[in-house]
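# The following comprises the amino acid sequence and a computationally predicted model.
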Amino acid sequence: MDILERINLFLWDNILIYLLLFTGLVCTIRTGFIQLRLFPFLFSRKNSKNKGISQFKTFSMSLGTAMGTGNITGVAAALSVGGAGSVFWMWVSAFLGMALVYAENSLSAKYSTKKCRGAVAYLKYGINSPMTALFFAVMCICVSFGMGGMVQINSFCESLAECTEYNRLIMFIIAFAIIVIVTGGGVRRISGVAQFILPFASILYFSACIIVIISNSEHLLSAVSEIFTDAFGIKQLVCGTAGYTVSKAVSTGIRRGIFSNEAGLGSSSILHSASESDDSYAQGMWGVTEVFIDTMVCCTLTALTLICSGSTVNITECFSSVFGRYSSCFITTELGIFAFCTVIGWYYCGECAYIYLSDGFGKKFFTLVFSFIASLGAVVSVKTVWTVSDIFNGLMALPNVICLLILSKELRIYSNKNAGIKCCKKTFHKH
């Protein structure tokens, strides 16, 4: 094991997983189990208005950032390592992650200014730590280049190579051109594209998964049972391997859940800060919705599709049993859309961080640099980039989660909708 992998495992397995879960639990208690208010909010929402893009566009952009290639290939990897029980621990991480994202977005609504958005804002103004805000912004740019850009393009190209031959250089040029065109139009074009393609692609993928699950419905009850029994090592208890099995399921499921919905990274707070709504409660609840759809819906459907069809390795094989030879093209298309939405969403995160660091100087140059680095995923191997990106993810999450823990006492304000709006406006004008 090389030094980068050791650093990565130490950072995530020994520090961040426990810190994220603990902070998520604290935020859950502080907000009075805000997760349970999700469905009442969706059926009776009323958003206040401010200058910015529509709330649904912001939601689509933020959800697209979370719903990357990991929601398909990552779930298969989690099942192969941690077994079916890892799905249960994904749910646990998602439940606590909803409170984390609520905290991020509501605090962002309170502290964000025009040039200081999201986590950077509450790091700078909430805990009065400009140096920590500076560190977070640098890490955010690094993550946007790596996990948010190059890794996503590479994952799509690897899938594309399985169903057709293509010229990697031409793919690099095409990817570069598309990314420049979309990101060059700013947040309105980015959010407009995400709003146009993500809902359709998501519904299509969800529908395909449901069809495969229904076609294997005789295995559905046993699949659900396997998720719960493996999560606590009930079957393995007889064989004396329960401890190891549960440990693998817990660590794999929680880690995969965190990587899937990005709760605790602070990216959601940056994306939602572009919204027309100045309601801190609404901002937080849309973040909760985002985590629910990403992990509780998308990842769960992917997992059930894999388990019910008897394959926990390759999602394409699961679809081929129902849709035949067109399955690989369908999965590649879905991966391409999810990857592209992630890339343009992370561009905006990186752009906001860059504007904070440079005061807006050379924004077009940043667009070209980001597009070039992201497109490199089409022509280079990114095995090392995965590990380095994981480390940057951790270094980005660490100050963010600590800040959420420090400011968690303020979340009591936001459990009341009207108080949240009042406090948000007061603080925004102050800064």
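Everything's here; your move.
# Any regions of the stretch 101-250 of the chain where pLDDT drops low?
233-250 (pLDDT under 70).
# One more: the stretch 301-431 of the chain?
Using pLDDT under 70, the stretch 301-431 of the chain drops low at 311-313, 412-431.
# switch the cut-off to 50
413-431 (pLDDT under 50).
# Run through the helices of it in chain order.
315-323, 327-358, 363-375, 383-406, 411-414, 417-430 (DSSP state H, counting those that start in this stretch).
# Let's have those in a markdown table, adding distance to Gly186.
Using the backbone N, CA and C atoms, a C-beta is placed for each residue, glycine as well. Output for the helices of the stretch 301-431 of the chain, formatted as a markdown table (distance: least, C-beta to C-beta, whole Å):
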| stretch | distance to Gly186 |
| --- | --- |
| helix 315-323 | 34 |
| helix 327-358 | 9 |
| helix 363-375 | 9 |
| helix 383-406 | 23 |
| helix 411-414 | 29 |
| helix 417-430 | 22 |
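# Turn these into JSON lines, columns for distance to Ile29 and mean neighbour count.
Below are these laid out as JSON lines (distance: least, C-beta to C-beta, whole Å; neighbours: other C-beta atoms under 10 Å):
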{"stretch": "helix 315-323", "distance to Ile29": "37", "mean neighbour count": "20"}
{"stretch": "helix 327-358", "distance to Ile29": "29", "mean neighbour count": "24"}
{"stretch": "helix 363-375", "distance to Ile29": "39", "mean neighbour count": "19"}
{"stretch": "helix 383-406", "distance to Ile29": "12", "mean neighbour count": "21"}
{"stretch": "helix 411-414", "distance to Ile29": "9", "mean neighbour count": "21"}
{"stretch": "helix 417-430", "distance to Ile29": "18", "mean neighbour count": "16"}
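# Ok, which of the ones you listed comes nearest Gln35?
Proximity to Gln35, assessed across these by C-beta to C-beta, is greatest for helix 411-414 (13.1 Å).
# At the geometric centre of the chain, which residue sits there?
In the chain, the C-alpha closest to the average C-alpha coordinate belongs to Ala66, at a distance of 2.6 Å (C-alpha atoms, centre = their mean).
# number of nearby residues for the closest residue to that one other than its chain neighbours?
Nearest non-adjacent residue to Ala66, counting by C-beta to C-beta, 6 or more residues apart in numbering: Asp294, 4.5 Å away. By other C-beta atoms under 10 Å, 28 other residues sit near Asp294.
# residues touching Asp294, list them.
By C-beta atoms under 8 Å, 6 or more residues apart in numbering, the contact set of Asp294 is 63, 66-67, 71, 94, 260-261.
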